[in-house]
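**Student:** Provided below are the primary sequence and the corresponding predicted coordinates.
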Amino acid sequence: MSYPCLRVRGMTQTATEDQETAPATAVRRPALSPSRASDFKQCPLLYRFRAVDRLPETPTKAQLRGTLVHSVLERLFALPQSERLPERAKELLEPAWSELSADRTEWTELFAEDDQSQVADWLTSAGKLLDSYFALEDPRRLEPEACELHVETELDSGVLLRGYVDRLDVAPTGEIRVVDYKTGTAPREIGEAKAMFQMKFYAVVLWRLRGIVPRQLKLMYLTDGQSLAYTPDEPELRRFERTLEAIWQAILKAGKTGDFRPNPGKLCDWCAHQSRCPSFGGTPPEYPGWPEPDPGEETPLDRAD
Ligand code: SF4
């Protein structure tokens, strides 16, 4: 019996290493991830706070719920196809949360210790996102090639791209579909351009790794039970590659001088760093200098937006 998703959990696909044997913990050199590239585009100062200063951010319960639901969907696809049912998925919530939160007291502290109903209500709200998922597709009819696939490739310009794909479906014809689950609470219209940027990022990485332009980029919005599919083409991905190179050059330039400027906008409402942002009367900490080895690393919370 094969459990495809857990078999590849944490697996790395790079341009130079074999898919089955590549270690997930290679020495890291600075790379661009979709989350950090989006941060820089949205607000260079936000990028600095997250990638250079690496200031901690207390997650919200909604972010944690996203992380949990992503983990449950990964575990669901590790089950035999016939067992991928809504009730079985909900049974996975509690053990997945225990495992994810085991070494993270800052996560468990979001819930009152003496009120177990808080966790129970929160798990119920995560179950509703799973219901939305099952309304969008039947996982018994799917056999993904990978879940939570770590991908990395270097462009001809030397820019290193790195990220995690929620799910990769490959048809018998070889056609690739990139799937991303969205669980965030930000209004969909605000997050949509950001989500499409992330999907094109993965499309470029997979195109460069496999020589095939993904047939479909699919976003599944579990909060409102809708999905969005997009078909990229090669000229578009070439142009997007140039956009990524330009973003990386702008990051390096700002990194040398420490000149990361705030760019206030609608998404400031979701920023954890308003208190130290000049646009909100705050003062950033002294610039610590360009970090080594890698300012672009994503976190599980990034992947759960
Ligand atoms: S509050 Fe807004 S402008 Fe300030 S760092 Fe955050 S995202 Fe940027």
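**Tutor:** Thanks, I have it.
**Student:** tell me where the stretch 1-150 of the chain has helices.
**Tutor:** 4-7, 34-42, 44-47, 61-76, 86-91, 93-101, 105-108, 116-136 (DSSP state H, counting those that start in this stretch).
**Student:** quick one: those as a markdown table, columns for mean pLDDT, mean neighbour count and distance to L244 too.
**Tutor:** Just so you know, the C-beta spots here come from the backbone N, C-alpha and C atoms, and that holds for glycine as well. Listed next are these as a markdown table, based on pLDDT from 0 to 100; neighbours: other Cβ atoms under 10 Å; distance: least, Cβ to Cβ, whole Å:
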| stretch | mean pLDDT | mean neighbour count | distance to L244 |
| --- | --- | --- | --- |
| helix 4-7 | 47 | 16 | 28 |
| helix 34-42 | 94 | 23 | 7 |
| helix 44-47 | 97 | 23 | 14 |
| helix 61-76 | 96 | 23 | 24 |
| helix 86-91 | 98 | 15 | 35 |
| helix 93-101 | 96 | 17 | 31 |
| helix 105-108 | 90 | 13 | 32 |
| helix 116-136 | 95 | 16 | 29 |
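**Student:** how about those helices in CSV, adding distance to W248?
**Tutor:** Shown next, in CSV, are the helices of the stretch 1-150 of the chain (distance: least, Cβ to Cβ, whole Å):
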stretch, distance to W248
helix 4-7, 31
helix 34-42, 8
helix 44-47, 12
helix 61-76, 26
helix 86-91, 38
helix 93-101, 31
helix 105-108, 31
helix 116-136, 34
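**Student:** which stretch among the ones you listed comes nearest the ligand?
**Tutor:** Closest to the ligand of the helices of the stretch 1-150 of the chain is helix 44-47 (Cβ to the nearest ligand atom; 4.2 Å).
**Student:** and the closest one, how far out from the chain middle?
**Tutor:** Relative to the centre of its chain, helix 44-47 is centred 18 Å away, using Cα atoms, centre = their mean, to the nearest Å.
**Student:** likewise for stretch 35-55?
**Tutor:** For stretch 35-55, the distance to the chain centre is 15 Å (Cα atoms, centre = their mean).
**Student:** measure it end to end?
**Tutor:** End-to-end distance for stretch 35-55, by Cα to Cα, to the nearest Å: 15 Å.
**Student:** still on that earlier bit, relative to I251, which of the helices of the stretch 1-150 of the chain is closest?
**Tutor:** Smallest distance to I251 across the helices of the stretch 1-150 of the chain (Cβ to Cβ): 5.6 Å, for helix 34-42.
**Student:** list the helices and strands that closest one packs on?
**Tutor:** Contacts defined by 3 or more Cβ pairs under 8 Å, 6 or more residues apart in numbering; DSSP states H and E place helix 34-42 against helix 44-47, helix 188-210, helix 234-257.
**Student:** lowest average pLDDT across these?
**Tutor:** Note on the helices and strands packed on helix 34-42: helix 188-210 shows the lowest mean pLDDT, a mean of 90.
**Student:** show me what counts as buried in that helix.
**Tutor:** 191, 194-210 (16 or more other Cβ atoms under 10 Å).
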